[in-house]
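Asker: next input, structure requested:
(chains A and B)
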Number of protein chains: 2
Amino acid sequence: MLSNHLQNGIESDNLLWSRVPESDDTSTDDITLLNSHRDGDGGVNSLDYEVIENYAYREEQAHRGKLYVGYYVAVKWFFSLLIGIGTGLAAVFINLSVENFAGWKFALTFAIIQKSYFAGFIVYLLINLVLVFSSAYIITQFAPAAAGSGIPEIKGYLNGIDIPGTLLFRTLIGKIFGSIGSVGGGLALGKEGPLVHTGACIASLLGQGGSTKYHLNSRWPQLFKSDRDRRDLVTCGCAAGVAAAFRAPVGGVLFALEEVTSWWRSQLMWRVFFTSAIVAVVVRTAMGWCKSGICGHFGGGGFIIWDVSDGQDDYYFKELLPMAVIGVIGGLLGALFNQLTLYMTSWRRNSLHKKGNRVKIIEACIISCITSAISFGLPLLRKCSPCPESVPDSGIECPRPPGMYGNYVNFFCKTDNEYNDLATIFFNTQDDAIRNLFSAKTMREFSAQSLLTFLAMFYTLAVVTFGTAVPAGQFVPGIMIGSTYGRLVGMFVVRFYKKLNIEEGTYALLGAASFLGGSMRMTVSLCVIMVEITNNLKLLPLIMLVLLISKAVGDAFNEGLYEVQARLKGIPLLESRPKYHMRQMIAKEACQSQKVISLPRVIRVADVASILGSNKHNGFPVIDHTRSGETLVIGLVLRSHLLVLLQSKVDFQHSPLPCDPSARNIRHSFSEFAKPVSSKGLCIEDIHLTSDDLEMYIDLAPFLNPSPYVVPEDMSLTKVYNLFRQLGLRHLFVVPRPSRVIGLITRKDLLIEENGESSAVELQQSTSVRGRYSETATRMDAARPLLDDLLG
Amino acid sequence: MLSNHLQNGIESDNLLWSRVPESDDTSTDDITLLNSHRDGDGGVNSLDYEVIENYAYREEQAHRGKLYVGYYVAVKWFFSLLIGIGTGLAAVFINLSVENFAGWKFALTFAIIQKSYFAGFIVYLLINLVLVFSSAYIITQFAPAAAGSGIPEIKGYLNGIDIPGTLLFRTLIGKIFGSIGSVGGGLALGKEGPLVHTGACIASLLGQGGSTKYHLNSRWPQLFKSDRDRRDLVTCGCAAGVAAAFRAPVGGVLFALEEVTSWWRSQLMWRVFFTSAIVAVVVRTAMGWCKSGICGHFGGGGFIIWDVSDGQDDYYFKELLPMAVIGVIGGLLGALFNQLTLYMTSWRRNSLHKKGNRVKIIEACIISCITSAISFGLPLLRKCSPCPESVPDSGIECPRPPGMYGNYVNFFCKTDNEYNDLATIFFNTQDDAIRNLFSAKTMREFSAQSLLTFLAMFYTLAVVTFGTAVPAGQFVPGIMIGSTYGRLVGMFVVRFYKKLNIEEGTYALLGAASFLGGSMRMTVSLCVIMVEITNNLKLLPLIMLVLLISKAVGDAFNEGLYEVQARLKGIPLLESRPKYHMRQMIAKEACQSQKVISLPRVIRVADVASILGSNKHNGFPVIDHTRSGETLVIGLVLRSHLLVLLQSKVDFQHSPLPCDPSARNIRHSFSEFAKPVSSKGLCIEDIHLTSDDLEMYIDLAPFLNPSPYVVPEDMSLTKVYNLFRQLGLRHLFVVPRPSRVIGLITRKDLLIEENGESSAVELQQSTSVRGRYSETATRMDAARPLLDDLLG
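Answerer: Coordinates of the predicted model:
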C-alpha cells in the first residue's frame, strides 16, 4: 500500500505507521477514544499557545508594518472596553431581575401571611419552584455546559485545555437566564461563579467575532485567530465577572491572577485592570440611574454591598487568639465542604445524572421544595424575642416595616414590638441576610441557638445544591456560612472581654473570610474582595492572618474547591510546579507510551489520510534528507493543519519532488489555519478524496512549524516540565544529545537593540555608565516605547 | 603548550582557545573588561537561576527524604516571618527618628521665631545641614551602594543580574542611617524607596546566614545556597518594605509583583502575603505601644497615614472630564520628571561625581541649604490670610497651636487669627503637608498662587535632589507634587460645578495618583496603595481611570522611572517581551559575537588555567567521544565551578582516562559550589598551581550540568528569547538541527502521578468521569498535598 520511496527513506526502527490501523498495538483505550472522537462530542483537546511560525505566518509578518501592530493593539484595548461594558450590563440585568423577583416574592408572601401562614407558604414554595424549574429546564435542554459555576472549565481553558461547549453563545444565554432562576428561586447558591462564566463567554464570543452558528458574526473582528489572544480576552472576562458581581474592581483583577490564569504578563494586568475599571463605572452609572427607584428593588443599597465601615475600627492584641480559632474552623469546614461536594457530585455523575435530563430537573425541583420548606418552616418553630431599645442614630428600626429591606424581621410574632431572629437570616434575600450578620451596634441580635440551626441547615443545603443542573456560585453561600460561625465566636468574645469595644459583626466578617479561604484557598484576591465589599480597611491585617491560617489548615486535607472539581470533571490541569517524583525521571521515559509517527517532507495524500485515520496524534515530526543523505528533522506539522490542506486540495502536486516555497504564491492566509472557538473543528471523516486525489503528493515544508522546542533525551523531567508549562507548549520534541555546539546564548546576546549595536553595557562592565551612552539612544528609545510597550 | 590528545580530538574550525591570550581577536572591550575584572570591583554578573543537576546535586537529592523537604519549606516560612519582623522594626526605627528629628527641629525653630526670624532661619538651616551632611558622609565613605532609592538595582537582582555591593550588610546600615539624615533633613525626597532596599538587604542577609565579613554568620541557616531561593526571599523583603513604609500590606505585595520581580509563582505570592501581614501587625503593635506618647512625636496619627474617609464619598458623571485632565497632567509631568532626572543623573555621573566623594558631600550640603532657604524664605513673602470660621465638628483649629501637628500654620502673621497658606505646605513635615493638601471641608484653604509657587519650587528641588549621594525615595515627593496640581484643578471644579458637593481634597488625591502613575507607570499596586493610605474606597474607579490615563500618556514619551534609571546605570534588564525586530533573526545570528570554547571531558589542569585566563566566558560546553568515535556534547561547566575545583585540588588525577564517577566517593558538598552573596567570588588570579599540579588531569563529568536547555540553530530569536527569559536561564546551547526524533512529549505525558499510572483521564476522553477514578487516587492525593503544595 505504501510506495517504496517512502519505505527506505525513513529509519524504520521506531516507525509504526506503516502497518494498517487494526494492528494489535493500539491499546484498548485508543479504540474507545476513537469511537468517542467519531461521535463528535470530541474529547478534551489541548489549545495551541505556541506561535506556529510557518510560511503563511512569516508572509503575513513580513508585510505587517508598525501601523498594523498599532491597529492590532488598539483593537485589543477596544475589545477590553467592550468586554467591560458587556459584562457590566449582563451583571446589572441579572442583579435587577434577581432582586426584583426576590422583592416581589417576599412582598407577596408577607401580604398573604397577614391572612394565613399556610397560604403564604404555598405561594412562597410555588414561586421558588417555578423559578428553579425554569432554570433547570433551560440548562438541561438548551445549554448543558452552563450548569454549575463554570470556573473549573474556564480554569482549564486558561491552562491550555479546550473543553467543548464551555464558551458557546448558547452557554452564555443559558448561564444568564439560568442564574436568574436559580438565585431568584432562593436556592443555597450565589450568582458570582455564573457571572465569571458569563464574562468569559462574552469575551470569547467577542474575540471570535460573534457566534457563527447564530450568524451573528462579522468579518471585521476576525482578528484574534490564535488561542493566545483569546486566552487574554477570556482572562479580562473573568476579572470583569467578579468586579461586576461584588463591585470589587481590584478584587476582580486579583481573582483572575491568583485563581484562574496560568500565565501572567504585565501588559495583560493593565488590560484586565482597564476592563474592571470600566465595569465599575458601568455598574455605578446603572445604580445611579436606578436611584430614582424606576428599577424596582434594584439599586437600593450604596455602591459598597455590605458597608460595615462604622463597625469596629481597631483591634486589640488579645483578639489574635479568637481570630486564629475562626481561621482553624474555616479551614476545617472549608476542607469538609470540598470533600462532601466531591462525593456528592461524583455520586450524581456516576448514578443519578446517567439517567438523563428529566431526572436532573426533578432533582432540582425537589431541592427547591426542601429549601423553601426549611427557610419558611424553621423560623416558625422559633419564638420571637423583644426588640432591643433602638440605639439613637444607628438608623436601625425594629421591627423592619413590612415589604421593606433591613434588619429585625417580624415573622410569626404575637406583638408588633418583637422580631424573629432566625427569620432575619433565613427568610430573607441573601444580601440582606449577610448585611444583618455583618451589622454593627446590634449586640446579641441573634441567639446562639438560631445561629447554630442556620449553620447546620444552610451548610447541608449548600452541599446538596452544589452540582445540581443549575448555574451555581459558591461565594455567597460561603460568606453566609462563614459569617454565621464568625458571629457565634464574636458573641463569646464580647462576653469574655467585657471592657473591650468589640463588635460581633467584625467577627462575622472574619468568619466569612475564613470559610472562603478554607474552601477556595485564595489569599490576596479574597482579602481585597473582602475589603472592597465591606469598606473596612482597618481589619485588613486580621483578614490576612485569618486567610493564611484557614488556607494552611485546609491544604492539610485536600486541594481547593475548583482544583477538586476540575480533577473530578477529568480536566487535566498542569499545575505550575512539577511533581516531586519527576526528579528521578528523564525525558525519554516520559514519552515511552506514544510511538512517534514521522512524515516525509513530500508525502502521498493517501498516506496522510491513512495516518490521520489510524491514530489520534495531533502532531507529526516531518523528516527530510540533506544532500549528503542524512536525515534531518525539519519541523512539526499539526493534524488540524493537515486536515485543512486535505480539504482545500489546492496544494496537491503530481511530482514527488519538493517544490520551492518562494516560487509559487501562497494560497492560504494564516487565519485559515485557526480553529473556531468550539473545539469541534475538522476531523478525518469530513474529508472526501477521489482516487486520483489519493495518488497526488503534498509538500509539507511551507505548512509546518519549522522550529518547535527540543529537549535532549536525558534531561530530567522536572526541567522538561518547567519548559513545557512555562511556555504553554502543546508538543515538545525529545531528540538525541547534540553532537556539537554551534554557539552559546547569554543575556548579553539578547540585549541587542534595533540598530544591531548592543546598547546594553558589556556585561562585565563596572556599573559606571559608559560615555558612549549616546544622545541618540535615548531619543530613539523615546520614539519607540509607544508601540513596543503597548505591543499586545 | 597543548597536548596532542587535545588537538585532534576537537573539531578545530570554531575553536579559538588554543591560541595564547594576546591574540588579536579579543576586541578592545575585552581588554578593558579584563582589567576591570582583575581589579576586583567585578562588573555586572548574571545570576544562576537554573538548577545545575550535577553529580553532587543528584547525590544530595537522592538521600533527601520527604522530611527534609518539609524542614526546608518550614525554614522558608520561618525566614519570611523573620523578614517581616526585621523590616517592620527597621521601618519603625526610621519613622521614629525621622518624625522626632523633624518634630524637635520645628518646635525649636518656632520657639526662636517668636524672638527673631533670622535666628530661627539660621538654626533651621544648620539642623538640616548637619543631618544631610551626616547622611552624605555615611553614604560616600561607608556604603556607596546605598545612594538613591536602590529599587533599580533590586529590580536588576530579581531579573537575574548581580550588581556588586547592592545587598551587603554595609549597604543596609548605610541605608537606614542615611535615610534618617536625608529625610529628617527636610530634603525633597521620601523614605519609601530606601525602605524597600532595606527590606531586600535584610532578606538577602538572612538568606545567606548573616554577613561573613562581620563574622555575624551562623552555620545553621546556610540552607539557601542557590540564587533561586535568595531571589524569593528578596522579593518578600521588597514587599515588606512598601508595607512598612505606607502601612499598606496588600499594596506591598502588588508592588513586588508589578514593579520589582520578573518571575511570579503562586507559592511565592502566599509567602510574600504572609510577610507583609506580619509587617502590618508589627507596625500596628509598635504604634499601639507608642500611643502613650513615650516615643515622642511618633505614632501620633492613626494607622491610616492620610485618612480622608470623611471626604467626598461619591462622584458624578460630570467629574470624569476634570479627572481625565488630571490624568493627562500627571502623565506629562511624570514623563518630564523621568527625562529631567535622567539628564541630571547622567550629567552628574559623567562630570561631577567623577571628581570623588568630597564633591558629592559638598553638593548634598549645597542642595540642603537651598531647600532650607526656599522652604523658610518663600512663605515670608506670602501675606497671611484670615482663618475661615471653623466648621463645627470638623476638628480643625485655625491657627494650629504652636509646636503641634496640623493644618493652618501661623507663620510671620501679624494677628493670631491668621494663617500662612504657603507655610502650611512648605514649612511643615512632609506627612503633614500631604495631610493638609488631602484635607476635606477646607474650601479654598490654599490660594492658587501659593499652590503654583509650591509646585514649581518643589518640582525643581525634587529633580535636583534626585541622584545626590543620599538615600532617596520618590513616592512622597511624587504625592506632594501630584496633590498640589490636583488641588488646583479641584479648586476650579468646585467653582465650576457650584451645586455639586465636591471636595478639593479628593482631587488632590487623584492628582497624587496621576503623578505616580505618570512617573512610575504602575497601575494595580499604586491603586491599592492609594486606597490603603487614604482609606477611601469609594473613589477607587476614579483612581483606576486616572492611573490608566497618566500611564498611557507617560508611555508615549519614555519608560518608567525605575526602567530609565536601570538603563542609565547600565543594568541590562531583560524585559518580559522580546524586541520587535527579533522576529526576523534566528538563534545562530545572535551568538555570532562570542566564539564558543569547548572543553574535553578529561582535561589537563594547565589547559583549564590558560582557558580561564584567556577569556571571560562563564560557561564552557564539555565534549566527549562515544565508542564509535563521534563527538557528543555531555554538558556545560561553569567558570565558578572550575575555579572551585582548581582551588580544592582534590579531584586532580594522573591518568588522562575518564574515571567512573560512582566508584570514588564525592569530596564536594553541593553548597561548596554556591556563590557568596556579593558577586566577588573566586577569580583565576587567586589560584596558585605548582608545576606538577599543571601536569595532572581533571575529569569534568561529575561537575558539569548534564542537560542544559538547547535550541536548534534556525529557531526564531523571539522563541529563543521567550525560552531564555521565562525560565530565567544564564546559558543556552545553540545546536544543529536534530537528525531524528526519539519521542514527542504532550500534556498527557506530564500528568503521570506518583505511582506511574496516569491518573489524568485519557486526553481524548469525553468529559464524563471515568469509573476508574478510584477511591485510592483521592485519598492518596489528600495525604500528599501538604508537602507537594507547600514545596518551596
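Asker: OK, contacts around the residue most central in space within chain A?
Answerer: Among the residues of chain A, the one closest to the centroid is residue A:154, at 3.1 Å (C-alpha atoms, centre = their mean). Contacts for residue A:154 (C-beta atoms under 8 Å, 6 or more residues apart in numbering or on different chains) come out as A:166, A:196-197, A:200, A:234, A:238, A:260. For every residue, glycine as well, the C-beta is placed using N, CA and C.
Asker: element containing it, please.
Answerer: helix A:151-157 (DSSP states H and E).
Asker: now that helix, how far from the chain's geometric center?
Answerer: Computed by C-alpha atoms, centre = their mean, to the nearest Å, the chain-centroid distance of helix A:151-157 equals 4 Å.
Asker: and the next helix or strand past that helix?
Answerer: Downstream of helix A:151-157 (by DSSP H and E), the next one is strand A:161-162.
Asker: who are the packing partners of that following strand?
Answerer: strand A:45-46 (3 or more C-beta pairs under 8 Å, 6 or more residues apart in numbering or on different chains; DSSP states H and E).
Asker: next one: the strand it packs on to chain centre, how far?
Answerer: With C-alpha atoms, centre = their mean, you get 16 Å for strand A:45-46.
Asker: is chain B contacted by that strand?
Answerer: Yes: using C-beta under 8 Å from any C-beta of the partner chain, strand A:45-46 reaches chain B at A:45-46.
Asker: in its sheet, what does that strand sit against?
Answerer: In the sheet, strand A:45-46 lines up against strand A:161-162 (antiparallel) (DSSP bridges).
Asker: the next helix or strand after the partner strand vs chain B: in contact?
Answerer: As assigned by DSSP H and E, the chain's next helix or strand after strand A:161-162 is helix A:169-184. No: if you take C-beta under 8 Å from any C-beta as the test, helix A:169-184 misses chain B, and the best it gets is 13.6 Å.
Asker: CA atoms only for helix A:169-184, dumped as PDB, please.
Answerer: Taking C-alpha atoms only, helix A:169-184 is exported to PDB below (Å, rounded to 0.1, in the frame of the first residue of the first chain):
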ATOM      1  CA  PHE A 169     -23.300  31.500  22.700                       C
ATOM      2  CA  ARG A 170     -25.800  29.000  24.000                       C
ATOM      3  CA  THR A 171     -23.900  28.700  27.200                       C
ATOM      4  CA  LEU A 172     -23.900  32.400  27.700                       C
ATOM      5  CA  ILE A 173     -27.700  32.700  27.300                       C
ATOM      6  CA  GLY A 174     -28.200  29.600  29.400                       C
ATOM      7  CA  LYS A 175     -26.000  31.000  32.200                       C
ATOM      8  CA  ILE A 176     -27.700  34.400  32.300                       C
ATOM      9  CA  PHE A 177     -31.300  33.200  32.400                       C
ATOM     10  CA  GLY A 178     -30.400  30.100  34.400                       C
ATOM     11  CA  SER A 179     -28.800  32.000  37.200                       C
ATOM     12  CA  ILE A 180     -31.800  34.400  37.400                       C
ATOM     13  CA  GLY A 181     -34.000  31.400  38.000                       C
ATOM     14  CA  SER A 182     -31.700  29.600  40.400                       C
ATOM     15  CA  VAL A 183     -30.600  32.600  42.600                       C
ATOM     16  CA  GLY A 184     -34.000  34.200  42.400                       C
END
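Asker: same for that helix, what does it pack against?
Answerer: So helix A:169-184, by 3+ C-beta pairs under 8 Å, 6+ apart, packs with helix A:66-115, helix A:117-137, helix A:192-207.
Asker: how far is it from where the chain is centred?
Answerer: That offset, for helix A:169-184, works out to 17 Å (C-alpha atoms, centre = their mean).
Asker: average pLDDT across it?
Answerer: Mean pLDDT, computed over helix A:169-184, is 91.
Asker: okay, angle between it and helix A:117-137 too, please.
Answerer: Going by axes from the mean of the first three to the mean of the last three C-alpha atoms, to 10 degrees, helix A:169-184 is angled at 170 degrees with respect to helix A:117-137.
Asker: now do the buried residues in helix A:169-184.
Answerer: A:169-184 (16 or more other C-beta atoms under 10 Å in any protein chain shown).
Asker: and the strands in chain A, which stretches?
Answerer: A:45-46, A:161-162, A:385-386, A:418-419, A:599-600, A:602-604, A:619-625, A:631-638, A:697-699, A:710-712, A:732-735, A:743-745 (DSSP state E).
Asker: need those in a markdown table with mean pLDDT, can you?
Answerer: What follows is those, written out as a markdown table (pLDDT from 0 to 100):
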| stretch | mean pLDDT |
| --- | --- |
| strand A:45-46 | 72 |
| strand A:161-162 | 82 |
| strand A:385-386 | 79 |
| strand A:418-419 | 78 |
| strand A:599-600 | 88 |
| strand A:602-604 | 86 |
| strand A:619-625 | 87 |
| strand A:631-638 | 87 |
| strand A:697-699 | 84 |
| strand A:710-712 | 90 |
| strand A:732-735 | 89 |
| strand A:743-745 | 87 |
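Asker: residue A:114 is nearest to which of these?
Answerer: Residue A:114 lies closest to strand A:418-419 among the strands of chain A, at 15.9 Å (C-beta to C-beta).
Asker: quick one: list the elements packing against that closest one.
Answerer: Partner elements for strand A:418-419 (3+ C-beta pairs under 8 Å, 6+ apart): strand A:385-386.
Asker: elements contacting the strand it packs on?
Answerer: Strand A:385-386 packs on strand A:418-419, going by 3+ C-beta pairs under 8 Å, 6+ apart.
Asker: measure stretch A:250-269 end to end?
Answerer: One end of stretch A:250-269 sits 11 Å from the other (C-alpha to C-alpha, to the nearest Å).
Asker: quick one: distance of that stretch to the chain centre.
Answerer: Distance, centroid of stretch A:250-269 to centroid of chain: 11 Å (C-alpha atoms, centre = their mean).
Asker: give me the spatial nearest neighbour of residue A:153, chain neighbours excluded.
Answerer: Distance criterion C-beta to C-beta, 6 or more residues apart in numbering or on different chains; nearest residue to residue A:153, sequence neighbours excluded, is residue A:166 at 4.3 Å.
Asker: quick one: contacts for that neighbour?
Answerer: Residue A:166 makes contact with A:145, A:150, A:153-154, A:156-157, A:200 under the criterion C-beta under 8 Å, 6+ apart.
Asker: and if you look at residue A:249?
Answerer: A:243, A:273, A:276-277, A:279-280, A:532, B:540-541, B:544.
Asker: returning to that earlier point: dump the contacts of residue A:166 to a markdown table, plus pLDDT and distance to residue B:587.
Answerer: Formatted as a markdown table, those follow (pLDDT from 0 to 100; distance: C-beta to C-beta, whole Å):
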| residue | pLDDT | distance to residue B:587 |
| --- | --- | --- |
| A:145 | 87 | 43 |
| A:150 | 88 | 42 |
| A:153 | 89 | 38 |
| A:154 | 90 | 36 |
| A:156 | 88 | 33 |
| A:157 | 87 | 32 |
| A:200 | 93 | 37 |
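Asker: out of those, which is nearest to residue A:627?
Answerer: residue A:157 (45.9 Å).
Asker: and the residue of chain A most remote from its centre, its phi and psi?
Answerer: Most distant residue from the mean C-alpha position of chain A: residue A:628, 51.9 Å away (C-alpha atoms, centre = their mean). Taking degrees, to the nearest 10, you get phi -80, psi 10 for the backbone angles of residue A:628.
Asker: what about the stretch 551-700 of chain A, any weak spots by pLDDT?
Answerer: Scanning the stretch 551-700 of chain A for pLDDT under 70 picks out A:660-681.
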